[in-house]
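Colleague: sequence and predicted model, in that order:
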Amino acid sequence: MSDNGISLRSLHRPLVVLTGAMAVLCVVALVGLLVDGRTIVNAPIWLKPFKFTVSIGSYAITLALLLTRVRRGSRVGWWLGTLFTVGIGTDMALIVFQMIFRGRQLHFNKATPADIAINNVVAGGAYLAWLSIAAVVVLLLFQRMPDRALNSALRWGTGLSLAGMAVAMLMFSPTPEQHAVLQEGKKPPTFGAHSVGASDGGPGLPLLGWSTQGGDLRIPHFVGIHAIQVLPLIALGLIVLARRYPLLRSDVRRRWVVRIAVFGYTGVFAILTWQAMRGQSVVNPDVRTLLAAAAVVAVTVALTVLALRAREAGPLGENRDARGTSRDREPVPADFRERR
């Protein structure tokens, strides 16, 4: 495989298999949503499997593509991808078994020994996946890639994805109602919740189910884990735009734009986490949330304009000659130059 192309054989096979399995299960879940009227916690029984297949499938193929860029420690990268596949694949199988075949709530369910055992295995699979991605983040620090902007996007995207996974750990703290039961010396049937300041299963956004009455930790969790896709797509988009706009042909400038995108994305992720932890619905932000969001947007836009309009040696660190051409820039990757 060259740096300018990716063959199917070069992709991590276990992750490709996981992606294919999620695609098949996604179709099954869609059919289930149409023909199966059962519900769990006031939500269609097939809704969670459907959402998980979309999220896991897209994540798995992204990770498979990411691992093709790993040169130093490629064998370690292969094993990390395999561990992720085992952990998440096991979790997905248990989601289907617990919800579809047993007809019982999955997350936070402590009602019976079987429910507790399944929850523990699911938690183990999630932690295994989290540790695998953490190790991939470290592995990426030692890679040298042909495009510095894409390099930054891959590293920061994977790091933010790791933070998004970590948000899920906040869901496993007892709610006030569960804490009151524990204070009485009893064991609540559930332990933890997606929502903060509202009950799981209450009014939520269509299809997504995110709470419209209180905070919902699934929102920053979702936004965080998919940074691994959004940020590299921004970097790749800048490479494509560089074919038409000379301003973006500087690899250094594109890298700064990506870093600014990382700042904006991190700001949104942090605000959503802060909002959820305060028990505030994403559809009902207060003044503090709106001001924080406005500040992130304003700073992101201002920095982007500054990066694109920079002249001479400055914040981008470029030395320019009399014609305004960067002397130390790195060119657009060869495959894009050849098409021009």
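Modeller: Ah, there it is.
Colleague: C-alpha from now on. contacts and neighbour counts both.
Modeller: Will do.
Colleague: low pLDDT regions in the stretch 1-150 of the chain?
Modeller: 1-8 (pLDDT under 70).
Colleague: tell me where it has strands.
Modeller: Taking DSSP state E, counting those that start in this stretch, the strands of the stretch 1-150 of the chain run over residues 39-40, 43-44.
Colleague: ditto for the stretch 201-340 of the chain
Modeller: With DSSP E, counting those that start in this stretch as the criterion, the stretch 201-340 of the chain has strands spanning 215-216.
Colleague: now the strands of the stretch 1-150 of the chain in a markdown table, with mean neighbour count?
Modeller: A markdown table is the format used below for the strands of the stretch 1-150 of the chain (neighbours: other C-alpha atoms under 10 Å):
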| stretch | mean neighbour count |
| --- | --- |
| strand 39-40 | 16 |
| strand 43-44 | 18 |
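Colleague: between those strands, which one is closest to Gln178.
Modeller: strand 39-40 (19.2 Å; C-alpha to C-alpha).
Colleague: Leu25: what's it in contact with?
Modeller: 50, 53 (C-alpha atoms under 8 Å, 6 or more residues apart in numbering).
Colleague: ok, now which ones touch the residue nearest the centre of the chain?
Modeller: Most central in the chain under C-alpha atoms, centre = their mean is Ile225, positioned 1.6 Å from the mean C-alpha point. Counting by C-alpha under 8 Å, 6+ apart, Ile225 touches 160-165.
Colleague: buried stuff in stretch 182-200?
Modeller: 188, 190-200 (16 or more other C-alpha atoms under 10 Å).
Colleague: no, scratch that, I was asking about stretch 296-310
Modeller: 296-297, 300, 303-304, 307, 310.
Colleague: possible to save those as JSON lines with distance to Phe269 and pLDDT?
Modeller: Shown next, in JSON lines, are these (distance: C-alpha to C-alpha, whole Å; pLDDT from 0 to 100):
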{"residue": "Val296", "distance to Phe269": "11", "pLDDT": "97"}
{"residue": "Val297", "distance to Phe269": "13", "pLDDT": "97"}
{"residue": "Thr300", "distance to Phe269": "14", "pLDDT": "97"}
{"residue": "Leu303", "distance to Phe269": "19", "pLDDT": "95"}
{"residue": "Thr304", "distance to Phe269": "19", "pLDDT": "94"}
{"residue": "Ala307", "distance to Phe269": "23", "pLDDT": "91"}
{"residue": "Ala310", "distance to Phe269": "28", "pLDDT": "76"}
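Colleague: how close does the closest residue to Pro174 other than its chain neighbours get to Tyr127?
Modeller: What sits nearest to Pro174 in space, not counting adjacent residues and going by C-alpha to C-alpha, 6 or more residues apart in numbering, is Gly192, at 4.6 Å. Distance of Gly192 to Tyr127, given as C-alpha to C-alpha, to the nearest Å: 17 Å.
Colleague: what residues go with each domain of the chain?
Modeller: 1-144, 175-340 (automatic domain parsing).
Colleague: of these, which is nearest Leu154?
Modeller: So among the domains of the chain, domain 175-340 is nearest, using C-alpha to C-alpha, at 5.7 Å.
Colleague: starting at the chain centroid, how far to the closest one?
Modeller: Computed by C-alpha atoms, centre = their mean, to the nearest Å, the chain-centroid distance of domain 175-340 equals 10 Å.
Colleague: pretty sure Leu247 sits against Leu308.
Modeller: Yes. Contact criterion C-alpha atoms under 8 Å: Leu247 and Leu308 qualify, at 7.2 Å.
Colleague: returning to what we had before: list the contacts of the residue nearest to Pro174.
Modeller: 108, 171-175, 178.
Colleague: buried ones among those residues?
Modeller: 108, 171, 174-175, 178.
Colleague: how much space between the residue lying closest to Leu236 once chain neighbours are set aside and Asn284?
Modeller: In this structure, Leu236 finds its nearest non-sequential neighbour in Leu150, 6.8 Å apart by C-alpha to C-alpha, 6+ apart. In this view, Leu150 and Asn284 are 36 Å apart by C-alpha to C-alpha.
Colleague: on that earlier part again, which residue packs closest to the residue nearest to the centre of the chain, ignoring adjacent ones?
Modeller: Take Ile225 and drop its neighbours on the chain: the residue closest to it by C-alpha to C-alpha, 6+ apart is Ser161, 3.8 Å away.
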